[in-house]
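Asker: Have a look at this prediction, sequence included:
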Amino acid sequence: FSLIGGERLHARSGIEDLALYKMDDPETPITLDDVRASVGAVRALSIDEFVNAAAATGQLEGAMRLYRTMLAESVPPQTLLRYLQNHLRRLRRVKAAVEGGESVDMAMKSLNPPVFFKWADTFKEQVRSWSLPQLHQALDGLRDIEVRSKQTGTPTEALTGDFILRLSQKSL
């Protein structure tokens, strides 16, 4: 329910849509494709897509499109920043292990929860493309957004959009 936020009616409607979609085939387990087909954009999957696009070099257009979608779905920017922070911390942990001599696969296996299989190749590419100093700078930038939004009153939406731009270009 944490992914639903205060939108219980929206969630109930989505569950009803899924039940109607599976009505003719109640014996088969529900898959992610069923959820996507019946409910449309699933917030958790969309957040993962956003985080992976934002952390991938050269994905600015996709990251910004997903960011606007998340805002339109009433996902608070602070929630997106927390997901992004968690993702960058996981990247940093794996990158540090790799630089310490561990294989990317072994380092990824130590993550809890594990990287979702759909994103494993993307995550590996991000581990290769980011340096530890860049990851430290990115995490510092996320902390800076929180401080600046509280001290200056600058809208978090604007600060987050600017950060996504800088992050995707690694110009932190």
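Answerer: Done, it's in. Numbering: from 1, shown residues only.

Asker: gap between the two ends of stretch 18-26?
Answerer: End-to-end distance of stretch 18-26: 11 Å, with CA to CA, to the nearest Å as the criterion.

Asker: Name the residues of it that come out as buried.
Answerer: 18, 22 (16 or more other CB atoms under 10 Å). For the C-beta atoms, the positions are set from N, CA and C on the backbone; glycine is no exception.

Asker: Over to stretch 79-90?
Answerer: Buried, per 16+ other CB under 10 Å, within stretch 79-90: 79-81, 83-85, 87-88, 90.

Asker: Show me the two of those that sit farthest apart.
Answerer: Among the buried residues of stretch 79-90, the pair separated by the greatest distance (CB to CB) is Thr79 and Arg90, at 17.0 Å.

Asker: Need the nearest residue in space to Thr154, chain neighbours excluded.
Answerer: Nearest residue to Thr154 in three dimensions, chain neighbours excluded: Arg148, at 5.8 Å (CB to CB, 6 or more residues apart in numbering).

Asker: Just give me the neighbour total for Gln134.
Answerer: Residues contacting Gln134 under the criterion other CB atoms under 10 Å number 17.

Asker: wait, it sits on Lys170?
Answerer: Yes: here Gln134 reaches Lys170: they are 5.8 Å apart, a contact under CB atoms under 8 Å.

Asker: Not counting residues beside it along the chain, what's closest to Met64?
Answerer: Per CB to CB, 6+ apart, closest to Met64 is Ile164, 6.3 Å.

Asker: so that neighbour makes contact with Tyr67?
Answerer: Yes: between Ile164 and Tyr67 there is a contact under CB under 8 Å: 5.8 Å.

Asker: if I look at those two, which residues touch both of them?
Answerer: Ala54 (CB atoms under 8 Å, 6 or more residues apart in numbering).

Asker: Grab the CA positions of the top helix by length along the chain and hand them over as CSV.
Answerer: Longest helix in the chain by number of residues, with DSSP state H as the criterion: helix 77-99. In CSV, the C-alpha atoms belonging to helix 77-99 read as follows (Å, rounded to 0.1, in the frame of the first residue of the first chain):
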residue,chain,number,x,y,z
PRO,A,77,9.4,14.2,-5.7
GLN,A,78,10.8,13.2,-2.3
THR,A,79,9.7,9.6,-2.9
LEU,A,80,11.5,9.6,-6.2
LEU,A,81,14.6,11.1,-4.6
ARG,A,82,14.6,8.4,-1.9
TYR,A,83,14.3,5.6,-4.6
LEU,A,84,17.1,7.3,-6.6
GLN,A,85,19.2,7.6,-3.4
ASN,A,86,18.7,3.9,-2.6
HIS,A,87,19.6,2.9,-6.2
LEU,A,88,22.8,5.0,-6.1
ARG,A,89,23.8,3.6,-2.8
ARG,A,90,23.4,0.1,-4.2
LEU,A,91,25.5,1.0,-7.2
ARG,A,92,28.2,2.5,-4.9
ARG,A,93,28.2,-0.7,-2.8
VAL,A,94,28.6,-2.9,-5.8
LYS,A,95,31.2,-0.6,-7.5
ALA,A,96,33.3,-0.6,-4.3
ALA,A,97,33.2,-4.4,-4.1
VAL,A,98,34.2,-4.6,-7.8
GLU,A,99,37.1,-2.2,-7.3
